[in-house]
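Trainee: Can you look at this prediction? I've put the sequence above it.
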Amino acid sequence: ASKARRIVDDALALEAAGACAVVVECVPAVVGDAVAAALAVPAIGIGAGAGTDGQVLVYHDLLGVFAHPHHAAQVPKFCRVFADVGERTHAGLAAFRDAVRGGAFPSPEFAPYAMPDDEAVAFSKSLADDARERAARNEDARRRQIDEDEYETVKLY
């Protein structure tokens, strides 16, 4: 639970530092879910369950490619091209996109990261405690903003 909590805290720190998104990689789905719920910026998952705001895979892995495919315009003259994977690459990437959009990926079959139940309970409790504290801080900030607003003070609107 403490490692999972540290991941959520680190993601919040990245957001506070100005990150426009956070990538969450190789964690149990419950941690990916928690990071996505805690952040205002997108949480992008790679092996982090279906609850993140988006999914990414390294396309070499997605397509089962183990050598870097060069684009035709960038193939050095000394290279021999043995295969054109452009069409198959496009089909594989389109299938990935459709599976993510349709909710078929990621699925439990592709979620190998697990958290013991007792750790999940402790993690959930720490998140609930933190959410209450954040809500109280946000409410205090909202009240201060209203109190300091000269239009609100003199009831101009």
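Mentor: That came through, no problem.
Trainee: And the strands in the protein?
Mentor: Secondary structure of the chain (DSSP state E): strands at 22-25, 43-46, 54-55.
Trainee: Just the buried residues of the first one, please?
Mentor: In other words, strand 22-25. Neighbour-count burial for strand 22-25 flags 22-24 (criterion: 16 or more other Cβ atoms under 10 Å). The C-beta positions use only the backbone N, C-alpha and C, and glycine is treated the same way.
Trainee: Export those as CSV, with columns for pLDDT and distance to G86.
Mentor: Formatted as CSV, the entries for those read as follows, by pLDDT from 0 to 100; distance: Cβ to Cβ, whole Å:
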residue, pLDDT, distance to G86
V22, 98, 32
V23, 98, 27
V24, 97, 31
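Trainee: With respect to S2, which of the residues you listed is nearest?
Mentor: Using Cβ to Cβ, V24 comes nearest to S2 of these, at 17.0 Å.
Trainee: and that closest one, what is it in contact with?
Mentor: V24 makes contact with 7, 11, 31-32, 35-36, 43-46, 48, 52, according to Cβ atoms under 8 Å, 6 or more residues apart in numbering.
Trainee: Let's see if you can find the most crowded of those residues.
Mentor: Each of those was scored by neighbour count (other Cβ atoms under 10 Å); the top score is that of V35, with 30 neighbours.
Trainee: ok, back up a step: could the contacts of V24 go into TSV alongside pLDDT?
Mentor: As requested, the contacts of V24 are arranged in TSV below (pLDDT from 0 to 100):
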residue	pLDDT
I7	97
A11	97
V31	97
G32	96
V35	98
A36	97
A43	97
I44	97
G45	94
I46	91
A48	92
T52	96
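Trainee: and which of those is nearest to A99?
Mentor: In terms of Cβ to Cβ, no member of the contacts of V24 lies closer to A99 than G45, at 13.7 Å.
Trainee: Touching, that closest one and Q55? I think so.
Mentor: Yes. Counting by Cβ atoms under 8 Å, Q55 is a contact partner of G45 at 5.6 Å.
Trainee: check contacts around the residue lying closest to G54 once chain neighbours are set aside.
Mentor: With Cβ to Cβ, 6 or more residues apart in numbering as the criterion, G54 has its nearest non-adjacent residue at 4.6 Å, and that residue is I44. I44 makes contacts with 21-24, 52-56, as judged by Cβ under 8 Å, 6+ apart.
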